[in-house]
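Q: pasted the sequence and its predicted model underneath.
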Amino acid sequence: MVSLAQDMTADHPCEPVLVVSNIPDAGGLPKAAAMGIATATLDHKAFGKDRLAFEAALHDILTEAKPDIVCLAGFMRILSRDFTQQWAGKMLNIHPSLLPKYRGLHTHQRALDAGDSVHGCTVHEVTAELDGGPILGQAQVTIAQGDTADSLAAKVLPLEHALYPAVLRRFAIGDRAPVLLGM
């Protein structure tokens, strides 16, 4: 989130309008506020198992903020088909794997367990299919002998910080050609 917001200056076609978190003490909230970006919290736990009520409240928050594009970053909730269709073509996510490999969780360990020689991250449009929307960018690193899930995550994180802003710039002007870093 910070990398996206820091990139949205000068000639950037976007400006941040709101940072929303479902985690009340998320570290990004004070960072966003310090950057002058409005923040909101919507604790999913308050909704129990009523995912649709949570999504309706999230939709209301987003609708009031009027974003042209919604960028998910560290948002670890699976969104329903109804919600993703309401924001179709306007919602991006970053995922720590070279999709379509390793959708879901524990991607770094899964790449190691599979004996992969490369790993990375992907920015994609959000659809109802988990980590399955059109790929808009990927960045990769070499997996070294002795890498662990933690060391691999540390290698991928700077790629995420470079890739997501680059993809957002293109996406905002209607260019969906994939951004490829280190490939």
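A: All right, it came through fine. Residues are numbered from 1 along each chain as shown.
Q: now do the helix ranked longest in the chain, average pLDDT.
A: Looking across the chain with DSSP state H, the single longest helix is helix 149-172. In this model, helix 149-172 carries a mean pLDDT of 97.
Q: same deal with stretch 63-82?
A: 94.
Q: please apply the same query to stretch 105-118.
A: 98.
Q: how about it: buried residues?
A: By neighbour count on 16 or more other CB atoms under 10 Å, the buried set for stretch 105-118 is Thr107, His108, Arg110, Ala111, Leu112, Asp116. Just so you know, the C-beta spots here come from the backbone N, C-alpha and C atoms, and that holds for glycine as well.
Q: of the residues you listed, closest to Val20?
A: Thr107 (24.0 Å; CB to CB).
Q: what's the closest non-adjacent residue to that closest one?
A: Closest residue to Thr107 apart from its sequence neighbours, by CB to CB, 6 or more residues apart in numbering: Ser97 at 3.9 Å.
Q: surely that neighbour touches His119?
A: Yes: between Ser97 and His119 there is a contact under CB atoms under 8 Å: 6.9 Å.
Q: comparing the two, which residue is more hemmed in?
A: Higher neighbour count among Ser97 and His119: His119, with 27 against 22, using other CB atoms under 10 Å.
Q: out of everything not next to it in sequence, what's closest to the more buried one?
A: Ala111 is the one closest to His119 (CB to CB, 6+ apart), at 4.4 Å.
Q: and the contacts of the helix or strand that contains that neighbour?
A: Ala111 belongs to helix 107-113 when assigned by DSSP states H and E. Contact with helix 107-113 is made by 95-97, 101-102, 119, 143, 147-150, 152-153, 156, as judged by CB atoms under 8 Å, 6 or more residues apart in numbering.
Q: other SSEs contacting the helix or strand that it is followed by?
A: Once the chain leaves helix 107-113, the next helix or strand it forms, by DSSP H and E, is strand 118-125. Applying 3 or more CB pairs under 8 Å, 6 or more residues apart in numbering; DSSP states H and E, we find strand 118-125 packed against strand 91-95, helix 107-113, strand 135-142, helix 149-172.
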